[in-house]
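**Q** Task: produce atomic coordinates for the following.
(chains A and B)
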Amino acid sequence: MSCAEARPLLLDLRRRRLAPEVEEAVRAHLAGCAGCRRAEEAEGVLDDLLTQRLPRHAAPDGLRRRVAALAAEEPRRERRRFSFTSLVAPALAAGLAVATGALLVERRSGREASALSALTEEAVSDHLRVLASQHPLEVESGGSHQVKPWFEGRLDFAPAVPLPEVPDLRLEGGAVGYFLDRKAAVVEYGLRRHAVTLLVFRTEGLAWPARASADAPAPDSASSARGFNVVLWRANGLGYALVSDVNPQELATLAARFVAVARP
Amino acid sequence: MPLALAPVPDAPRGGSRSEVLDHVDALYNLARYLTRNPADAEDLVQETYARALKAWHQFTAGTELRAWLMRILRNAWLDRHRREGRRPERSGSLDAADPEPQAGGEDTWLRGDFELEQMRRLVAGEIEEALMALSEDQRTAILLDVEGFSEAEAALVLGCAPGTVKSRLSRARAALREKLADYRREEDR
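**A** Now for the predicted structure:
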């Protein structure tokens, strides 16, 4: 075996990917060739640098929790659709409600809080990703007439891109992102020096809190997480989440203006 | 060779949905080196899981789960580049027919024990910077190899033949050695 034949096989030798007879031939060549032995050693040094020194980035805990929630979500929906228990459950629940109404109300409020918390966390995470992203906007715009058509063909729904006449509010642009397991329209605004993100997404299969089901958000409807405020509402079968670090009352007022101009 | 962009490749048969969580660190690590940014990497991994779990019911012939997820991640990343009207940086010579690179850096590595010892002293930041200076396809080939992917698994991720993986990895490692040798030369000045 020549050096020209042996050199391309040195990495395969280290990875133990050679047939026994080829491996034997390469080793025989190495025994008599100092140049190829050094090349083989150089492959080893590069392997050591890559496996021992190159930083390996571990997934942040927040991401780990979000993907775990995604993986857990679908089987629950399937069980609801197919299992006998799920058909009987409403009847059982109705019977139990007679005896233990207070307990159920408490549980429902617990579920409500949990749904609100999950949506708020996701909306804040999406807002933070937009803020930290190097390429936050896929379409930059001077007006909603440019941004709204841009979403056509990129989403299977037509999001409203409202731009109410509010002092110091400007539309920055839009992008397609993800809200939990589904695609979302991400519309970015500036309000004075604050960033405001509007997320629009389908709500099928999402646990949706009753307080966010009204056609227009109430003045006290903002929830918060990690220092950001979120107002959620539903309209025309779509869910909306408005996220920013402006104060909760101002954000709720802004959300109400969004609803008003988006109404057909 | 351009990557065939099936939206989501066939899902692995018989895997448990919870198994996908075993690979979140490997996916995030590749995403960090592709996007160069923690926030974009998180977004990409979340999109990968959303795509994968949506296609989970499409069971076909057994496929290695980790490679399947990595392929979805890379496809999602390439899709984003297309949406943004950007092209991922590609190396010039990917085909097996291309000549082996004649890199001056390679010579440095093979000159003697002293030079090899200098390479052993490279620090994490230098290695990361040199890796990030490679084209995306070369960087991915190296990272998959570091993750312990076989040529067949890497071929699934990269959408090419196993033979192409071999030549691509060989060229990527040569290019990386050359970049790393540049650091030594700069220090020697």
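**Q** Grab the nearest non-local neighbour of the one residue in chain B that gets nearest to chain A.
**A** Residue of chain B nearest chain A, by CB to the nearest CB: B:Ala39 (3.3 Å). C-beta coordinates here come from the backbone N, C-alpha and C atoms, glycine included. Among residues not flanking B:Ala39 along the chain, A:Ala132 sits closest, at 3.3 Å (CB to CB, 6 or more residues apart in numbering or on different chains).
**Q** For burial, what's the neighbour tally of whichever residue of the stretch 101-250 of chain A sits closest to chain B?
**A** With CB to the nearest CB as the measure, A:Ala132 is the residue of the stretch 101-250 of chain A nearest to chain B, at 3.3 Å. The tally of other residues near A:Ala132 (other CB atoms under 10 Å in any protein chain shown) stands at 14.
**Q** ok, now A:Asp168?
**A** Neighbours of A:Asp168 using other CB under 10 Å come to 9.
**Q** what comes into contact with the helix or strand harbouring A:Glu188?
**A** Secondary structure assignment for A:Glu188, by DSSP states H and E: strand A:182-191. Contacts to strand A:182-191, defined as CB atoms under 8 Å, 6 or more residues apart in numbering or on different chains, come from residues A:126, A:130, A:136-137, A:147, A:151, A:155-156, A:159, A:161, A:166, A:168-178, A:195-202, A:244, A:246, A:254, B:50.
**Q** Then stretch A:246-254?
**A** For stretch A:246-254, the surrounding residues in contact (CB under 8 Å, 6+ apart) are A:164, A:166, A:169, A:191, A:194, A:196, A:217-222, A:224, A:229-231, A:242, A:244.
**Q** Which residue is the nearest non-sequential neighbour of A:Leu54?
**A** Among residues not flanking A:Leu54 along the chain, B:Ile127 sits closest, at 4.9 Å (CB to CB, 6+ apart).
**Q** Wait, that neighbour touches A:Leu50, no?
**A** Yes - using CB atoms under 8 Å, B:Ile127 is in contact with A:Leu50, at 7.1 Å.
**Q** burial count for the residue nearest to A:Ala255 when sequence neighbours are not counted?
**A** Using CB to CB, 6+ apart and skipping the chain neighbours, the partner closest in space to A:Ala255 is A:Val231 (4.1 Å). Other residues near A:Val231 number 28, with proximity taken as other CB under 10 Å.
**Q** What residues does A:Val231 make contact with?
**A** The contact partners of A:Val231, by CB under 8 Å, 6+ apart, come to A:Pro217, A:Ser221, A:Ala222, A:Ser223, A:Ala241, A:Leu242, A:Leu251, A:Ala252, A:Leu254, A:Ala255.
**Q** measure A:Asp48 to chain B for me?
**A** Distance of A:Asp48 to chain B, given as CB to the nearest CB, to the nearest Å: 7 Å.
**Q** Helix, strand, or coil at that residue?
**A** helix (DSSP: H, G, I helix; E, B strand; the rest coil).
**Q** Quick check, it in contact with B:Arg120.
**A** Yes - A:Asp48 lies in contact with B:Arg120 (CB under 8 Å); the separation is 7.4 Å.
**Q** Could you export the helix or strand hosting A:Gln249 as PDB, CA atoms only?
**A** A:Gln249 belongs to helix A:248-262 when assigned by DSSP H and E. Taking Å, rounded to 0.1, in the frame of the first residue of the first chain, the C-alpha atoms of helix A:248-262 are listed here in PDB:
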ATOM      1  CA  PRO A 248     -50.100  46.200  32.100                       C
ATOM      2  CA  GLN A 249     -52.800  48.900  31.800                       C
ATOM      3  CA  GLU A 250     -51.300  50.600  28.800                       C
ATOM      4  CA  LEU A 251     -50.800  47.200  27.100                       C
ATOM      5  CA  ALA A 252     -54.400  46.200  27.700                       C
ATOM      6  CA  THR A 253     -55.500  49.600  26.300                       C
ATOM      7  CA  LEU A 254     -53.300  49.100  23.300                       C
ATOM      8  CA  ALA A 255     -54.700  45.500  22.800                       C
ATOM      9  CA  ALA A 256     -58.300  47.000  22.900                       C
ATOM     10  CA  ARG A 257     -57.300  49.400  20.100                       C
ATOM     11  CA  PHE A 258     -55.800  46.500  18.100                       C
ATOM     12  CA  VAL A 259     -59.100  44.600  18.400                       C
ATOM     13  CA  ALA A 260     -61.100  47.600  17.400                       C
ATOM     14  CA  VAL A 261     -59.200  48.300  14.200                       C
ATOM     15  CA  ALA A 262     -58.900  44.600  13.300                       C
END
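**Q** can you give me the angle it makes with strand A:182-191?
**A** Between helix A:248-262 and strand A:182-191, the angle comes out at 110 degrees (axes from the mean of the first three to the mean of the last three CA atoms, to 10 degrees).
**Q** Using CSV, write down the CA coordinates of stretch A:41-58.
**A** Extracted C-alpha coordinates of stretch A:41-58, given in CSV (Å, rounded to 0.1, in the frame of the first residue of the first chain):
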residue,chain,number,x,y,z
GLU,A,41,-1.2,11.1,15.0
ALA,A,42,-2.4,14.5,13.6
GLU,A,43,-5.8,13.0,13.1
GLY,A,44,-5.8,11.9,16.7
VAL,A,45,-4.8,15.4,17.9
LEU,A,46,-7.6,17.0,15.9
ASP,A,47,-10.1,14.4,17.4
ASP,A,48,-8.9,15.3,20.9
LEU,A,49,-9.3,19.0,20.2
LEU,A,50,-12.8,18.5,18.9
THR,A,51,-14.1,16.1,21.5
GLN,A,52,-12.3,17.6,24.6
ARG,A,53,-11.9,21.3,23.9
LEU,A,54,-14.6,22.4,21.5
PRO,A,55,-17.5,23.9,23.6
ARG,A,56,-20.6,21.7,23.6
HIS,A,57,-23.7,23.8,24.2
ALA,A,58,-26.4,22.2,26.4
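**Q** buried set for that stretch?
**A** Buried residues in stretch A:41-58, counted by 16 or more other CB atoms under 10 Å in any protein chain shown: A:Ala42, A:Glu43, A:Val45, A:Leu46, A:Asp47, A:Leu49, A:Leu50, A:Leu54.
**Q** quick check, nearest of these to A:Leu9?
**A** Set against A:Leu9, the nearest of these by CB to CB is A:Glu43 (10.7 Å).
**Q** now the stretch 101-250 of chain A, which segments are flagged as low pLDDT?
**A** A:101-112, A:134-135, A:141-144, A:211-216, A:218-220 (pLDDT under 70).
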